[in-house]
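**Q** need a 3D model of the sequence below.
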Amino acid sequence: MMRWMLGVTLLDRRRNSWLYEKLKLREVRSEAVKRKWLFAKKIATGEDTWAKKIVEWRPWAKTRGVGRPKPRWRDDLQYEQFLVKDRRQLREPTNISSNIP
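**A** Model prediction:
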């Protein structure tokens with residue numbers, strides 16, 4: 001759709017970064033990752049807030065499925081709770097996301 005808006009075809013060989021720059025848009029994936037880690041920072045530094053209670057909530061009535069569990073971003077947050085103990089490490093979301101195995 002971005003190419004159509006600018007009147008550019010694949011034969012013009014323009015990169016997606018050029019399209020984003022011309023339309024003054026942000027990439028959805030990078031924005032989602034940024035917001036995810038800002039939310040993780042909020043949960044890690046806050047006390048007993050509703051957001052932290054929701055992240056730590058476990059549905060006890062549900063049965064577990066067969067096979068390996070699918071990765072959830074809640075698992076990333078639990079992993080980071082053990083790694084991050086100092087607020088200085090939480091300032092840069094990119095540093096946190098590079099620690100994930």
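**Q** do you know how far the residue nearest the centre of the chain is from Asp75?
**A** The residue lying closest to the centre of the chain (C-alpha atoms, centre = their mean) is Val33, at 2.8 Å. Note on Val33: its distance to Asp75, by C-beta to C-beta, to the nearest Å, is 15 Å. All C-beta atoms are positioned from the backbone trio N, CA, C, and that covers glycine.
**Q** again with Tyr20
**A** Look at Tyr20 and Asp75: by C-beta to C-beta, they are 30 Å apart.
**Q** ok, Val8 next?
**A** According to C-beta to C-beta, Val8 and Asp75 sit 40 Å apart.
**Q** so which of the two has more stuff around it?
**A** Taking other C-beta atoms under 10 Å, Val8 and Asp75 do not tie; Val8 has more neighbours (15 against 12).
**Q** what sits closest to that one if chain neighbours are left out?
**A** Arg14 (5.2 Å; C-beta to C-beta, 6 or more residues apart in numbering).
**Q** great, nothing more from me.
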